[in-house]
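**Q** Take this sequence and fold it.
(chains A, B, C, D, E and F)
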Number of protein chains: 6
Amino acid sequence: MEKSRYETGLAKLSEVDGKVGEQVVQSLKDIAPDLGTFIIEFAFGDIYTRPALDLKQRECITLSSLASIGGTENQLRVHINGALNVGVTPQEIAEIFIHCVPYVGFPRALNAVAVAKEIFQERGII
Amino acid sequence: MEKSRYETGLAKLSEVDGKVGEQVVQSLKDIAPDLGTFIIEFAFGDIYTRPALDLKQRECITLSSLASIGGTENQLRVHINGALNVGVTPQEIAEIFIHCVPYVGFPRALNAVAVAKEIFQERGII
Amino acid sequence: MEKSRYETGLAKLSEVDGKVGEQVVQSLKDIAPDLGTFIIEFAFGDIYTRPALDLKQRECITLSSLASIGGTENQLRVHINGALNVGVTPQEIAEIFIHCVPYVGFPRALNAVAVAKEIFQERGII
Amino acid sequence: MEKSRYETGLAKLSEVDGKVGEQVVQSLKDIAPDLGTFIIEFAFGDIYTRPALDLKQRECITLSSLASIGGTENQLRVHINGALNVGVTPQEIAEIFIHCVPYVGFPRALNAVAVAKEIFQERGII
Amino acid sequence: MEKSRYETGLAKLSEVDGKVGEQVVQSLKDIAPDLGTFIIEFAFGDIYTRPALDLKQRECITLSSLASIGGTENQLRVHINGALNVGVTPQEIAEIFIHCVPYVGFPRALNAVAVAKEIFQERGII
Amino acid sequence: MEKSRYETGLAKLSEVDGKVGEQVVQSLKDIAPDLGTFIIEFAFGDIYTRPALDLKQRECITLSSLASIGGTENQLRVHINGALNVGVTPQEIAEIFIHCVPYVGFPRALNAVAVAKEIFQERGII
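**A** Residues are numbered from 1 along each chain as shown, chains lettered A, B, ... in the order given. Model (predicted):
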């Protein structure tokens, strides 16, 4: 029997974000539970499961997108962890933010690197 | 003898963008020639030549960044061509913009896909 | 029998945007057809059909959002038409953009009003 | 005798934001007092008092605008309170942010919902 | 007798933008005339007439702001002309956009320089 | 013997930001040291040393740019201090953010003024 979009998305979310993603969804329970459902069904069920790019590529693109729009420190926290979980190396993560400098300037890159630094320290990487 | 940042950058710019990149630089000659020089020296000489990510990864990250900030149709034109030049497939390019939807919404993705469509038609891909 | 998300979304898209929305989806056919599907299923099937806000409120919020992010002239074109279709008055549309001035400044408001002017002229409103 | 723009604006600010709006203006006293005056005279005196949209509609549009531009947590705090004060329901507020997802992506919506959650908790709504 | 905010703003608008500013206001007549009034009264009457910065400084700051937010080509057109009118040199205008590169990246700067190039050509500067 | 871009940039960084700039670069040492090098070489070595605008003008343009893009509180902290260091007056700094209101709206201006207030208090200015 085919898995629902929700089940597929939840499995993908766990694969990428471990418990951190679930905490985001959990924190929405008493105010906007459907928003959590849409993240699971649409972002992770519909988008992350598509074939043309693998999970590592998807997390690299996500980090570039989040760093570029700015004001997304909380989401960077989730996805820098997610990127590490699916095999993006710490060096690649730093390099993604450095690569964005010519397109978005130093402030957006510095803000993203500051989040990465916190996470790398939490995980004992640096 | 070591190549200058300008020479290194110009070679990298040609590798990525072919003649299109040179046209951007050329168009700056009579108003802000140093801006063209900085694109060559800094963006292509300093950043694109770094080891941690290969050219294909860099163009994928660039497309994600440009689509996410918006109002960058001219730069998307250059870098969608650049991405194709270094081996990113048309399917991957479309997928990068689809992948950004959960982070930046449909309008930014639709604008980027519209530019991709023009270029894919010019190059006889679709 | 329950309608699929796609059928529900397509009906809602037609209700809001008439043929203009379908044209957007149609234009994606040869490059990113799934992007059109996601607009129908997710934006119109999942979001626009929710109960807490009516269609008129939703189009007002959409116009405010599109004007605020900028670089969304094509999407404003679709949704200014959509707003008129569901009963938002031309005066309310202009007022939404005026109301956004204290939050996003004059340039974003002027750009949105310029699109509204084109559409109001096409539809013989002014 | 006609009330001045300042008096009209101050009355409107109190109606919408209660004491919170005054605190914003008060906090500007020793650095940029005229900025507070402009908020009262222009934003609340000139814009919020206009006839085409009622206060409830204006606060809905404001929340959509603030959520869409990002990095406006402090202003969302003021205007989520303001929206509640003029009769927008907690369910409508959450729904406005959910409605913006297709236009601005999940991160902007999640950031706005997080502010709403704090305020709903402070006011004993959830 | 004291001049009204409108008269003061109109005089300042003419000083900065000549006929171009009036055309913007004129183009709003049949759709959102009050928006034109607010530009004259608030932007030019209240803000541009303040003492702490002179007109040349104000136009430099305006060009930096417009280039940085992006999607403001129409407003850059008005204010690059305005900057030239109040004595900012073509070299300074180009330099403002180059100076913004480290903060906003190359695309925003390139877009602004492209508008400057059109205007410099129209005015026979290059 | 000619100074390197790094030496020139470091001298300029010290002139503008004193120790605060060095701290930013220092904080990048264990995660992205080259990002600090690029700030020194490109932003301060290549851009800030150019002739067409003086340091005071450059810091005014920087403050306008940072306030306009939003989410740059950390960078505003560095450059409000930098602006004071090179002779921009506290009154001019507040006025720059007030001047940006018509272009970017009140929220971006309020966020920048809030950072300025902290710094003016730290430095005993207010």
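**Q** count of residues packed around the spatially closest residue to residue A:40 that is not a sequence neighbour?
**A** When the adjacent residues along the chain are set aside, residue A:40 lies closest to residue A:9, with 3.9 Å between them (CB to CB, 6 or more residues apart in numbering or on different chains). Every C-beta, even on glycine, is put in place using the N, C-alpha and C of the backbone. Residue A:9: 24 surrounding residues under other CB atoms under 10 Å in any protein chain shown.
**Q** and if you look at residue A:14?
**A** 14.
**Q** Contacts only, for it.
**A** Listed by CB atoms under 8 Å, 6 or more residues apart in numbering or on different chains, the contact set of residue A:14 reads A:21, A:22.
**Q** That one sits in which helix or strand?
**A** Secondary structure assignment for residue A:14, by DSSP states H and E: helix A:5-17.
**Q** Okay, the residue most central in space within chain A and residue D:22: tell me how far apart.
**A** In chain A, the centroid-proximal residue (CA atoms, centre = their mean) is residue A:79; its distance is 2.3 Å. Distance from residue A:79 to residue D:22, counting by CB to CB, to the nearest Å: 39 Å.
**Q** Please apply the same query to residue A:70.
**A** Per CB to CB, residue A:70 is found 30 Å from residue D:22.
**Q** Same check on residue A:100?
**A** 41 Å.
**Q** and those two? which has more neighbours close in?
**A** Using other CB under 10 Å as the criterion, residue A:100 and residue D:22 rank with residue A:100 on top: 28 against 15.
**Q** sec struct for that one, please.
**A** Judged by DSSP: H, G, I helix; E, B strand; the rest coil, the three-state class of residue A:100 is helix.
**Q** roughly how far apart are it and residue A:83?
**A** From residue A:100 across to residue A:83, the span is 14 Å (CB to CB).
**Q** before we move on, what about residue A:10?
**A** Per CB to CB, residue A:10 is found 19 Å from residue A:83.
**Q** Of those two, give the one with the bigger neighbour count.
**A** Applying other CB under 10 Å to residue A:10 and residue A:83 shows that residue A:83 carries more neighbours, namely 27 against 20.
**Q** Excluding chain neighbours, what is closest to the more buried one?
**A** residue A:59 (3.9 Å).
**Q** From residue B:86, how far out is the one you found?
**A** Distance from residue A:59 to residue B:86, counting by CB to CB: 20 Å.
**Q** the bottom helix or strand of chain A by mean pLDDT?
**A** helix A:19-27 (a mean of 86; mean pLDDT, DSSP states H and E).
**Q** the domain parsing of chain A - what is it?
**A** With domains defined by automatic domain parsing, chain A comprises A:1-52, A:53-126.
**Q** Next one: residue A:64, what pLDDT does it get?
**A** pLDDT recorded at residue A:64 is 98.
**Q** Look up how far chain E lies from the closest residue to residue A:41 other than its chain neighbours.
**A** Leaving aside its sequence neighbours, residue A:41 sits nearest to residue A:5 (CB to CB, 6+ apart; 4.5 Å). With distances taken as CB to the nearest CB, to the nearest Å, residue A:5 is found 34 Å from chain E.
**Q** Same check on residue A:62?
**A** According to CB to the nearest CB, residue A:62 and chain E sit 19 Å apart.
**Q** burial of that residue, as a residue count?
**A** Residues within reach of residue A:62, counting by other CB under 10 Å, total 26.
**Q** show me what contacts the residue nearest to residue A:48 when sequence neighbours are not counted?
**A** Spatial nearest neighbour of residue A:48, excluding adjacent residues (CB to CB, 6+ apart): residue A:12 at 4.8 Å. Counting by CB under 8 Å, 6+ apart, residue A:12 makes contact with A:44, A:45, A:48, A:49.
**Q** what's the last one in contact with, if anything?
**A** For residue A:49, the contact set (CB under 8 Å, 6+ apart) comprises A:8, A:9, A:12.
**Q** from what I can see residue A:29 touches residue A:37, true?
**A** No - in this structure, residue A:29 is not within contact of residue A:37 by CB atoms under 8 Å, at 10.5 Å.
**Q** quick one: which of these two has more around it?
**A** Between residue A:29 and residue A:37, counting by other CB under 10 Å, residue A:37 is the more crowded of the two (18 against 10).
**Q** if I look at the closest residue to residue A:18 other than its chain neighbours, how far off is chain B?
**A** Leaving aside its chain neighbours, residue A:18 sits nearest to residue A:85 (6.1 Å; criterion: CB to CB, 6+ apart). For residue A:85, the distance to chain B equals 17 Å [CB to the nearest CB].
**Q** now residue A:12
**A** Distance from residue A:12 to chain B, by CB to the nearest CB: 12 Å.
**Q** hang on, the earlier thing: more neighbours, residue A:59 and residue B:86?
**A** Using other CB under 10 Å as the criterion, residue A:59 and residue B:86 rank with residue A:59 on top: 28 against 16.
**Q** hang on, the earlier thing: how about the nearest residue to the residue nearest to the centre of chain A, chain neighbours excluded?
**A** Leaving aside its sequence neighbours, residue A:79 sits nearest to residue A:62 (CB to CB, 6+ apart; 5.0 Å).
**Q** In the helix or strand harbouring that neighbour, which of the residues would be classed as buried?
**A** Taking DSSP H and E as the definition, residue A:62 sits inside helix A:55-69. The neighbour-count check on helix A:55-69 (16 or more other CB atoms under 10 Å in any protein chain shown) flags A:55, A:57-69 as buried.
**Q** would JSON lines of the residues you listed with distance to residue A:114 be doable?
**A** Putting the buried residues of helix A:55-69 into JSON lines (distance: CB to CB, whole Å) gives the following:
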{"residue": "A:55", "distance to residue A:114": "25"}
{"residue": "A:57", "distance to residue A:114": "24"}
{"residue": "A:58", "distance to residue A:114": "23"}
{"residue": "A:59", "distance to residue A:114": "19"}
{"residue": "A:60", "distance to residue A:114": "19"}
{"residue": "A:61", "distance to residue A:114": "21"}
{"residue": "A:62", "distance to residue A:114": "18"}
{"residue": "A:63", "distance to residue A:114": "14"}
{"residue": "A:64", "distance to residue A:114": "16"}
{"residue": "A:65", "distance to residue A:114": "18"}
{"residue": "A:66", "distance to residue A:114": "13"}
{"residue": "A:67", "distance to residue A:114": "11"}
{"residue": "A:68", "distance to residue A:114": "16"}
{"residue": "A:69", "distance to residue A:114": "16"}
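**Q** of all these, which comes closest to residue F:16?
**A** In terms of CB to CB, no member of those lies closer to residue F:16 than residue A:67, at 24.9 Å.
**Q** quick one: residue A:90 and residue A:120 touch, right?
**A** Yes - here residue A:90 reaches residue A:120: they are 5.7 Å apart, a contact under CB under 8 Å.
**Q** just to revisit the earlier point, can you pick the most crowded of the contacts of residue A:12?
**A** Among the contacts of residue A:12, residue A:44 has the most neighbours (other CB under 10 Å), with 26 neighbours.
**Q** ok, and the closest non-adjacent residue to that one?
**A** residue A:9 (3.8 Å).
**Q** I'd say that neighbour and residue A:36 touch.
**A** No - Residue A:9 lies out of contact with residue A:36 (CB under 8 Å); the separation is 10.5 Å.
**Q** what angle do the longest helix anywhere in chain A and helix A:55-69 make?
**A** Secondary structure of chain A per DSSP state H: the longest helix is helix A:106-122. Using axes from the mean of the first three to the mean of the last three CA atoms, to 10 degrees, the direction of helix A:106-122 lies 130 degrees away from that of helix A:55-69.
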